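In: Okay, structure incoming, though there's no sequence with it:
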């Protein structure tokens, strides 16, 4: 894998050099070498892909044993176990999936008496579903239990000082539910049934995000809860778009990009302090990537100066990214081009940098950061 990665970096460098040389024979052989290296990459990734069944097969017995110990009747339904995923990601994420399943049995599923009162079937159902979506694997863990009481979550977060009442009032219901993944949420000595799902969920979210994935929750009281985990298929090679921001180069994974557009400053509208643009009969919120990554803290240039610098034919480049069903426009200064990238994880103090999920090495040998799109939007 390391050798294939180094080959890719060398390939990118070679192609950059060849572009500056007018030699058809050299370009032809370089294109052939590039194709062969891409095939090696694909084959190496296929070797690392292992069916999810490798870990999923152990879950039914674990769920059954836990249910019996708690006097509950629970069926576990598994779908999509044939889907392949990088074995290193599977191994790392296995503990998080086990934790969510245990939470579903212990805190999600009601007792037999409670289910009878709610006219629910005696046997509860937990579903573990995996599916492919572009270059990602989506894993859903759902139950038909009691759900998460948002009002209880509000009380708990306020009581433990996780958030202020003013901050809480600005959050949407789905954002309030995500507060149960806060590191301080499970610090109480006594955990209520509604707030019980907070135990250890911070560790699950941190693990998922360490792979550039996302965790989201959908819940309804007395109907059940669904945990959505979105993970990359592999951590080896990805396609990225290189963009320029404040004289620096950044990478945006192509798997998140819906399209690239150019807009004029006159098209930008401000609604409740948020910038928007109308495109294809849809209003798209805008984010200035330079500010999001903290560059505005270090220089005094205003928006107009930055926009003028990045204008192409009087228009500003915008990268429209897609996370779930949400589309957002990222304003950048210029678009450099597309290429393969070898993901290098961040370690030590670099892990704390907000808005980036890793780094890669360009053909020139320069190290550039990969934008963590879900955390930015």
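Out: Cool, got the structure. For clarity, every value in this text was computed on a predicted model and none was experimentally measured.

In: Return the residues in contact with residue 64.
Out: 74, 76 (C-beta atoms under 8 Å, 6 or more residues apart in numbering). Using the backbone N, CA and C atoms, a C-beta is placed for each residue, glycine as well.

In: Which helix or which strand is home to it?
Out: For residue 64, the element it lies in under DSSP states H and E is helix 59-69.

In: How about that helix, which residues are buried there?
Out: Residues 59, 60, 63, 66, 67 are the ones in helix 59-69 that count as buried (16 or more other C-beta atoms under 10 Å).

In: Nearest residue to the second one in space, please, no chain neighbours.
Out: Distances taken as C-beta to C-beta, 6 or more residues apart in numbering place residue 76 nearest to residue 60, at 5.0 Å, with adjacent residues excluded.

In: which SSE is that neighbour in?
Out: Short version, using DSSP H and E: residue 76 is in strand 74-79.

In: and that strand, how far from the chain's centre?
Out: 25 Å (C-alpha atoms, centre = their mean, to the nearest Å).

In: Over to stretch 101-115?
Out: The answer for stretch 101-115 is 28 Å, by C-alpha atoms, centre = their mean.

In: what about stretch 39-55, start to end distance?
Out: Start-to-end span of stretch 39-55 (C-alpha to C-alpha, to the nearest Å) is 28 Å.

In: mind listing what's buried in it?
Out: Quick answer for stretch 39-55 (16+ other C-beta under 10 Å): 41, 44, 45, 48, 50, 51, 52, 55.

In: So which of these sit within helices?
Out: 41, 44, 45, 48, 55 (DSSP state H).

In: Of all pairs in the residues you listed, which one is the farthest apart?
Out: 41 and 55 (25.2 Å; C-beta to C-beta).

In: Quick one: neighbours of the nearest residue to residue 54 once chain neighbours are set aside, just the number.
Out: Once flanking residues are discounted, residue 54 sits nearest to residue 90: 6.5 Å by C-beta to C-beta, 6+ apart. When counting by other C-beta atoms under 10 Å, one arrives at 21 neighbours for residue 90.

In: which is the next helix or strand following the one helix or strand in the chain whose mean pLDDT sits lowest?
Out: Least confident element among the helices and strands of the chain, by mean pLDDT, DSSP states H and E: helix 303-310 (a mean of 49). As assigned by DSSP H and E, the chain's next helix or strand after helix 303-310 is strand 316-323.

In: can you tell me the distance between the two ends of stretch 360-374?
Out: End-to-end for stretch 360-374, by C-alpha to C-alpha: 19 Å.

In: Domain-wise, how is this structure divided?
Out: Taking automatic domain parsing as the reference, the chain has its domains at 52-232, 236-376.

In: Between its first and last residues, how far does the longest one reach?
Out: One end of domain 52-232 sits 13 Å from the other (C-alpha to C-alpha).

In: quick one: that domain to chain centroid distance?
Out: 17 Å.

In: And what about residue 129, helix, strand or coil?
Out: strand (DSSP: H, G, I helix; E, B strand; the rest coil).

In: Spit out the contact partners of it.
Out: Per C-beta under 8 Å, 6+ apart, neighbours of residue 129: 78, 79, 80, 139, 140, 142.

In: From residue 51, how far out is the first one?
Out: Summarising the geometry, the distance separating residue 78 from residue 51, computed by C-beta to C-beta, to the nearest Å, is 12 Å.

In: now do the third one
Out: Separation of residue 80 from residue 51 (C-beta to C-beta): 10 Å.

In: Kindly report the same for residue 124.
Out: In terms of C-beta to C-beta, residue 124 sits 27 Å off from residue 51.

In: for residue 8, same thing?
Out: In terms of C-beta to C-beta, residue 8 sits 26 Å off from residue 51.

In: likewise residue 246?
Out: 44 Å.

In: ok, now residue 375?
Out: Taking C-beta to C-beta, one finds residue 375 at 30 Å from residue 51.

In: quick one on the thing from earlier: now the buried residues of stretch 39-55 as JSON lines including pLDDT and distance to residue 177?
Out: Conversion of the buried residues of stretch 39-55 to JSON lines gives the following (pLDDT from 0 to 100; distance: C-beta to C-beta, whole Å):
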{"residue": "41", "pLDDT": "81", "distance to residue 177": "39"}
{"residue": "44", "pLDDT": "82", "distance to residue 177": "39"}
{"residue": "45", "pLDDT": "79", "distance to residue 177": "35"}
{"residue": "48", "pLDDT": "82", "distance to residue 177": "34"}
{"residue": "50", "pLDDT": "89", "distance to residue 177": "32"}
{"residue": "51", "pLDDT": "93", "distance to residue 177": "31"}
{"residue": "52", "pLDDT": "93", "distance to residue 177": "26"}
{"residue": "55", "pLDDT": "92", "distance to residue 177": "27"}
